[in-house]
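J.: Need coordinates for the below:
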Amino acid sequence: MKKERIPVALISGGSGYVGAAIAQELIRRGFLPILLSRNPIAFDGAETRSCDIGDERMLETIVKDIASTHGHIDACIHTAVAATTRTSLVDTPSEAFDNEFSVSVRGAYLLAKHALLHMPKDSAFIGITTVSIDKEKPDSRIGAYLPAKQALRTLLRVLATEL
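T.: Have a look, this model is predicted:
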């Protein structure tokens, strides 16, 4: 008897609110979510992996292991965000600025770079950009969050064009 193929969805930021909500819905739809998080949590119906998505070697190793174990990755959803610094952009410490871009933009890039190698043509790579920007008066008290999300949007557009 042939074993039923269960679709696999890789979710960065899996221990966060958005990642966990997406995982719950994917479980309901018959997927096996694999949650990547710096601080993984137990999640019934999902696998969890401790991962810093800004660390290319770590991420590459984990993605290869997932692909080897499951034979495929059907969806990859980037929901990871860094802790937001509640300051103006110019008052944001350089380390916080770098961390915001490392998680939001570099993390999405590395996730795409390594996961897409193991994804069939009809699969999906999704980046979550959960921000509404008032172009007249953007909120200036959330550090590098808005610039990083705009960079992520552009990265996703380029990926969509290339793929």
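J.: drop to CA atoms for contacts and neighbour counts, all remaining ones
T.: Noted.
J.: For stretch 45-59, measure first residue to last.
T.: End-to-end distance for stretch 45-59, by C-alpha to C-alpha, to the nearest Å: 22 Å.
J.: Can you name the residues in contact with that stretch?
T.: Applying C-alpha atoms under 8 Å, 6 or more residues apart in numbering, the contact partners of stretch 45-59 are 12, 14, 23, 27, 32-42, 62, 102-103, 106-107, 110-111, 114.
J.: Kindly report the same for stretch 108-127.
T.: Here stretch 108-127 makes contact (C-alpha under 8 Å, 6+ apart) with 53-54, 56, 59-60, 63-64, 67, 72-79, 152-153, 155-156.
J.: Which residues belonging to that stretch are considered buried?
T.: For stretch 108-127, the neighbour count (16 or more other C-alpha atoms under 10 Å) marks 108-112, 114-116, 118-119, 123, 125-127 as buried.
J.: and it, how far apart are its ends?
T.: Start-to-end, stretch 108-127 (C-alpha to C-alpha) is 7 Å.
J.: Distance from the chain centre to that stretch, please.
T.: Distance of stretch 108-127 from the chain centroid (C-alpha atoms, centre = their mean, to the nearest Å) equals 10 Å.
J.: Tell me which strands the helix or strand of the chain with the lowest mean pLDDT pairs with, and in which orientation.
T.: Lowest by mean pLDDT, DSSP states H and E among the helices and strands of the chain is strand 124-127, with a mean of 86. Note on strand 124-127: by DSSP bridges, its sheet partners are strand 75-78 (parallel).
J.: Which of the buried residues of stretch 108-127 fall in strands?
T.: Within the buried residues of stretch 108-127, residues falling in strands by DSSP state E are 125-127.
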